[in-house]
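Undergrad: need a 3D model of the following:
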Amino acid sequence: MSKSYDYVIVGGGSAGSALANRLSADPATTVLVLEAGRSDFKVDPFIHMPAALPYPIGNRLYDWKYESEPEPHMNGRRVFHSRGKVLGGSSSINGMIFQRGNPLDYERWAREPGMEQWGYAECLPYFKRMETCLAGADQWRGGSGPLVMERGPATSPLFGAFFEATQQAGHPLTDDVNGYRQEGFAPFDRNVHRGRRLSASRAYLHPVMSRPNLTVHTLSHVTAVRMNGGRAVGVDYLRGGRFTRSVDAGEVVLCGGAFNSPQLLQLAGIGNAAELEQLGIECIADLPGVGENLQDHLEVYIQYASKQPVSIAPWLKHRHKPRIGAEWLFLRRGVGASNHFEAGGFIRSNDQVDYPNLMFHFLPIAIRYDGTRPASEHGYQVHIGPMYSDVRGTVKIKSRDPFEHPALRFNYLSTENDRREWIEMVRAARDILEQPAFAPFNAGEISPGPSVETDEEILDWVARDAETALHPSCTAKMGTDDMSVVDPSSMRVHGVEGLRVVDASVMPFVPNGNIYAPVMMLAEKAADLIMGNEPAPPLHAPYYRHREGMPLYPPGDPRNTVLAGQPS
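TA: This is a model prediction of the structure:
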């Protein structure tokens, strides 16, 4: 007979780890977490050493290794998509950059039908609840949560030149991109604590593993959500690649992310009825929004050679690796103890844009995610990309085989607005990197190089060279319109009992920045909704707006009057 749990959480990644912690805090509630990947063993340096992040990406032991369908506006290229195949999910292999997005992102969410309780004031208490900001707690930042935020030191002379150059280009500095003002440049918060990656599993799951009402199984690939009419009653899964198991559930909570959650919904007969019928799947709930609305951030690297030997490139030579490893292993410091994405910022591409739509990550080395470097030994680069592309894609299953990756179609560069923002993005980045502050270091642009100058040449280069920033989202969005999948007041799938979704797929729009922090906030708030707790009281903290009279909240919202006279 199948064992039964109150909650079966499918996916032990970012959202699943946080949710398991909060739901199992009630000793009367039984929780099972099923993670298809391996354990994040404490002795694994590829996970826990921050600088080792290139190693798990693309490695089948840590990574699902998705790739898109041929992208028609990128010369038919398939774009590689890394997703964490390990406890902690993508938080165990990502770049450890912690960014909430802009407050106006959540005001945009709140303008969607049924989403009134997902505005910035309603989300801020959960952002604060989950974090300990070592730079200091205040009305925007938390001081007692499980996720410890260390701020990048950004002490390299290249970071100093970068901050000076941004001001020379007419952009401001800011104290904290996650605080009052996102617009501008600053050192970044990161999920690194005492020289180690602080993943969601380390922050939320491992500290409560001894709870008798919490069970965590790794190497447990869920193959089906079992349905009884219009109700989810459990899941089937393959344990260790060989043993088929079934488990009953009072509630099934999908936390597999923007690819896997819509895949499991479609396999269960929840999705576009016509598409399911073509695959011979009985439709349980006709929800055409399942697998639609796919959003992501695309990025490129603009790389420069350095005249001075000030980058970290020499440390990547094989002869230095034993020293780096020993220094990190025994002292938790040195080159291995940083993710090196220590600073960056956000700007608006033009004065007609209401809030920042372009993001920069500065790195004191010229290198790609896969570890490949240009010929020049010393260099530096910015990772850049538009944050609010209006392109939309899909995630659709190809068959009834749960082990076959779904078809991912992003449609990158397919709209006029997206292409225009890319041109503005590249020109804005070059303007910063060519400022006088970089003159002592600037030995010339390596990538894309001086041959790429016109608008057409820039777009051709982006189409050839761009990579995903690994922020897939929005494929089972919250809301109450015809394309919504999840009820924003309960996280339940519309028209289905006993089934909820809590991960990046439920976002209606991708936020401005890396999405790990918004996913964790979402899981924190979802835990209250699932347990029937009173929502945390809204926090009406002011935030920066670039022009006078720009409302903090949607037009007509009485909260705009409450905050009259606050800084703008």
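
Undergrad: going forward, measure contacts and count neighbours with C-alpha atoms only.
TA: Will do.

Undergrad: so when I look at residue 5, I'm seeing a strand, right?
TA: Yes - assessed by DSSP: H, G, I helix; E, B strand; the rest coil, residue 5 belongs to a strand.

Undergrad: that one and residue 464, how far apart?
TA: Applying CA to CA, to the nearest Å, the value for residue 5 to residue 464 is 49 Å.

Undergrad: of those two, who's got more company?
TA: For residue 5 and residue 464, the more surrounded residue by other CA atoms under 10 Å is residue 5, and the numbers stand at 21 against 15.

Undergrad: how close does that one sit to residue 253?
TA: Taking CA to CA, one finds residue 5 at 12 Å from residue 253.

Undergrad: for residue 292, same thing?
TA: As judged by CA to CA, residue 292 and residue 253 stand 20 Å apart.

Undergrad: which one's more surrounded, these two?
TA: residue 253 (27 against 24).

Undergrad: contacting residues for residue 359?
TA: Residue 359 makes contacts with 344, 345, 346, 347, 383, 384, 385, 386, 387, 512, 513, as judged by CA atoms under 8 Å, 6 or more residues apart in numbering.

Undergrad: Throw these into CSV and include distance to residue 148, secondary structure and neighbour count, thanks.
TA: Shown next, in CSV, are these (distance: CA to CA, whole Å; DSSP: H, G, I helix; E, B strand; the rest coil; neighbours: other CA atoms under 10 Å):
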residue, distance to residue 148, secondary structure, neighbour count
344, 20, strand, 25
345, 21, strand, 27
346, 23, strand, 29
347, 27, strand, 20
383, 25, strand, 20
384, 26, strand, 27
385, 27, strand, 28
386, 28, strand, 28
387, 25, coil, 23
512, 21, coil, 25
513, 19, coil, 29
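
Undergrad: now these in a markdown table, with pLDDT and distance to residue 225?
TA: Below are the contacts of residue 359 laid out as a markdown table (pLDDT from 0 to 100; distance: CA to CA, whole Å):
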| residue | pLDDT | distance to residue 225 |
| --- | --- | --- |
| 344 | 97 | 42 |
| 345 | 98 | 42 |
| 346 | 97 | 41 |
| 347 | 96 | 43 |
| 383 | 95 | 39 |
| 384 | 97 | 39 |
| 385 | 96 | 37 |
| 386 | 96 | 36 |
| 387 | 95 | 34 |
| 512 | 95 | 33 |
| 513 | 95 | 32 |
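
Undergrad: flag the shaky bits of the protein, pLDDT-wise.
TA: 1-2, 315, 369-376, 547-568 (pLDDT under 70).

Undergrad: go again with 50.
TA: Along the chain, the model assigns pLDDT under 50 to residues 1, 549, 551-557, 559-568.

Undergrad: ranges for the helices of it?
TA: 14-23, 45-48, 103-110, 120-130, 157-168, 200, 257-267, 273-278, 321-331, 416-433, 455-465, 516-531, 559-562 (DSSP state H).

Undergrad: give the contact list for residue 203.
TA: Residue 203 makes contact with 146, 147, according to CA under 8 Å, 6+ apart.

Undergrad: now residue 113
TA: 479, 480, 481.

Undergrad: look up how far residue 107 lies from it.
TA: Distance, residue 113 to residue 107, using CA to CA: 12 Å.

Undergrad: wait, residue 540 touches residue 121, no?
TA: Yes - contact criterion CA atoms under 8 Å: residue 540 and residue 121 qualify, at 5.3 Å.

Undergrad: between those two, which one's more packed in?
TA: Set side by side, residue 540 and residue 121 show more neighbours around residue 121, with 21 against 18, by other CA under 10 Å.

Undergrad: relative to residue 110, how far out is that one?
TA: 10 Å.

Undergrad: what's the overlap in contacts for the two?
TA: Counting by CA under 8 Å, 6+ apart, no residue touches both residue 121 and residue 110.

Undergrad: residues contacting the spatially closest residue to residue 232 that is not a sequence neighbour?
TA: Among residues not flanking residue 232 along the chain, residue 498 sits closest, at 5.1 Å (CA to CA, 6 or more residues apart in numbering). Residues counted as contacts of residue 498 (CA under 8 Å, 6+ apart) are 231, 232, 233, 250, 251, 252, 492.

Undergrad: and those residues, which two are furthest apart?
TA: For these, with distances taken as CA to CA, the pair at the greatest spread is 233 and 492 (13.9 Å).

Undergrad: could you say what helices and strands the biggest strand by length in the chain packs with?
TA: Taking DSSP state E as the criterion, the chain has its longest strand at strand 243-254. Applying 3 or more CA pairs under 8 Å, 6 or more residues apart in numbering; DSSP states H and E, one finds that strand 243-254 contacts strand 3-10, strand 231-239, strand 499-501.

Undergrad: turn those into TSV, including distance to residue 287.
TA: Formatted as TSV, those follow (distance: least, CA to CA, whole Å):
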stretch	distance to residue 287
strand 3-10	21
strand 231-239	15
strand 499-501	14
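
Undergrad: most tightly surrounded among these?
TA: The highest mean neighbour count among the helices and strands packed on strand 243-254, using mean count of other CA atoms under 10 Å, belongs to strand 499-501: a mean of 27.

Undergrad: can you list contacts of that one?
TA: Against strand 499-501 from outside (CA under 8 Å, 6+ apart): 231-232, 251-255, 261, 486, 490-493.

Undergrad: pull the contacting residues for residue 416.
TA: Contacts of residue 416 by CA under 8 Å, 6+ apart: none found.

Undergrad: what's the distance between it and residue 216?
TA: According to CA to CA, residue 416 and residue 216 sit 47 Å apart.

Undergrad: what do you get for residue 461?
TA: For residue 461 relative to residue 216 (CA to CA), the value is 45 Å.

Undergrad: next one: residue 170
TA: Residue 170 is 51 Å from residue 216, where distance means CA to CA.

Undergrad: also residue 42?
TA: As for residue 42, its distance to residue 216 is 16 Å (criterion: CA to CA).

Undergrad: who's more crowded, those two?
TA: It is residue 216, of residue 42 and residue 216, that has more neighbours when counted by other CA under 10 Å, with 18 against 9.

Undergrad: got the contact list for that one?
TA: 32, 33, 34, 35, 209.

Undergrad: list the beta-bridge partners for it.
TA: Beta-bridge partners for residue 216, by DSSP bridges, are residue 33.

Undergrad: what are the ranges of the strands in the stretch 351-500 of the chain?
TA: 358-363, 379-386, 394-396, 407-409, 442-447, 467-468, 499-501 (DSSP state E, counting those that start in this stretch).

Undergrad: distance from the chain centre to the last one, please.
TA: Relative to its parent chain, strand 499-501 has a centroid offset of 20 Å by CA atoms, centre = their mean, to the nearest Å.

Undergrad: cool, the longest one as well?
TA: Averaging C-alpha positions (CA atoms, centre = their mean) puts strand 379-386 18 Å from its chain's average.

Undergrad: now could you export just the CA positions of that strand as PDB?
TA: Taking C-alpha atoms only, strand 379-386 is exported to PDB below (Å, rounded to 0.1, in the frame of the first residue of the first chain):
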ATOM      1  CA  GLY A 379      40.700  41.300 -19.000                       C
ATOM      2  CA  TYR A 380      37.300  42.300 -17.600                       C
ATOM      3  CA  GLN A 381      33.800  42.200 -18.800                       C
ATOM      4  CA  VAL A 382      30.200  43.100 -18.200                       C
ATOM      5  CA  HIS A 383      27.300  40.700 -18.500                       C
ATOM      6  CA  ILE A 384      24.400  42.700 -20.000                       C
ATOM      7  CA  GLY A 385      20.800  42.200 -21.100                       C
ATOM      8  CA  PRO A 386      17.400  43.800 -21.200                       C
END
